[in-house]
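Engineer: need coordinates for the following:
(chains A and B)
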Amino acid sequence: EAQVTQNPRYLITVTGKKLTVTCSQNMNHEYMSWYRQDPGLGLRQIYYSMNVEVTDKGDVPEGYKVSRKEKRNFPLILESPSPNQTSLYFCASSGWGPTNEKLFFGSGTQLSVL
Amino acid sequence: GIQVEQSPPDLILQEGANSTLRCNFSDSVNNLQWFHQNPWGQLINLFYIPSGTKQNGRLSATTVATERYSLLYISSSQTTDSGVYFCAVERTGGGNKLTFGTGTQLKVEL
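Structural biologist: Okay, here's the model as predicted:
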């Protein structure tokens, strides 16, 4: 089954403790992206990647890192999480990018930073 | 940046009713997509529709890019249609970056 898989589904952590949210897709997509969703603010893009070793900032990249060492994986790294990063996070992928193709989302990761 | 406004913000329907959701955007766009976020939080892509009209079962969408709006039609609504509907656009020259509207919260009641 074609899908975007995120883990974990829920995560509670404390301020300053490094964490990684994993994202994997099995559709051989070139494009992958991370979004955060907050009440009243909608979905905002954090980072995106057009290809292996190619990443670019989205609208809200501060406090986040990403890497794209393999086509299928695009982990989101919070090196020193803070409470304002409490949010619902989504990974997404698309064949050659949402300009020309549908964007598919993972199931989301609800992160709470205490 | 581009502004994306959706209306209405909230909508309550009786099962079987029809509805139209609207998405207005402030600049020319390369592409527009509609998504449904179900009550469990999952985001499902409904349409990739930079222009023209598409239909998928009880749902259809129309984008008039020259007039900067898109419409999502839901016919014979069902309780499973409940959730939040988002449109997302990519500004012309925007480089594969989608900007989302703030959504329409739909509740379909028996």
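
Engineer: after the strand ranked longest in chain A comes which helix or strand?
Structural biologist: In chain A, with assignment by DSSP state E, the single longest strand is strand A:42-51. Going down the chain from strand A:42-51, the next helix or strand is strand A:54-57, by DSSP states H and E.

Engineer: for that following strand, buried residues please.
Structural biologist: For strand A:54-57, burial by neighbour count (16 or more other Cβ atoms under 10 Å in any protein chain shown) applies to residue A:55. For every residue, glycine as well, the C-beta is placed using N, CA and C.

Engineer: likewise stretch A:8-22?
Structural biologist: In stretch A:8-22, the ones that count as buried by 16+ other Cβ under 10 Å are A:11, A:13, A:19, A:21.

Engineer: ok, stretch A:64-76 next?
Structural biologist: A:64, A:66-68, A:72-76.

Engineer: need the residues of chain A near chain B, please.
Structural biologist: For chain A, the residues in contact with chain B (Cβ under 8 Å from any Cβ of the partner chain) are A:31, A:40-45, A:48, A:50, A:56, A:58, A:88, A:90, A:97-105, A:107-108, A:110.

Engineer: 7 Å instead, please
Structural biologist: A:31, A:42-43, A:45, A:48, A:50, A:58, A:88, A:90, A:97-99, A:101-105, A:107-108 (Cβ under 7 Å from any Cβ of the partner chain).

Engineer: quickly list what residue B:23 is bridged to.
Structural biologist: residue B:6, residue B:70 (DSSP bridges).

Engineer: for residue B:108, which three-state class applies?
Structural biologist: strand (DSSP: H, G, I helix; E, B strand; the rest coil).

Engineer: bridging residues for it?
Structural biologist: residue B:13.

Engineer: what about it, neighbour count?
Structural biologist: Counted with other Cβ atoms under 10 Å in any protein chain shown, the neighbours of residue B:108 add up to 20.

Engineer: ok, now how distant is it from chain A?
Structural biologist: 22 Å (Cβ to the nearest Cβ, to the nearest Å).

Engineer: thought that residue was touching residue B:83?
Structural biologist: No. Here residue B:108 does not reach residue B:83: they are 9.3 Å apart, not a contact under Cβ atoms under 7 Å.

Engineer: returning to that earlier point: widest-spaced pair of the buried residues of stretch A:64-76?
Structural biologist: A:64 and A:72 (20.0 Å; Cβ to Cβ).

Engineer: so how many other residues sit close to residue A:101?
Structural biologist: Neighbour tally, residue A:101, other Cβ under 10 Å: 18.

Engineer: what number of residues lie near the nearest residue to residue B:65 once chain neighbours are set aside?
Structural biologist: Once flanking residues are discounted, residue B:65 sits nearest to residue B:51: 4.9 Å by Cβ to Cβ, 6 or more residues apart in numbering or on different chains. Residue neighbour count, defined by other Cβ under 10 Å, stands at 13 for residue B:51.
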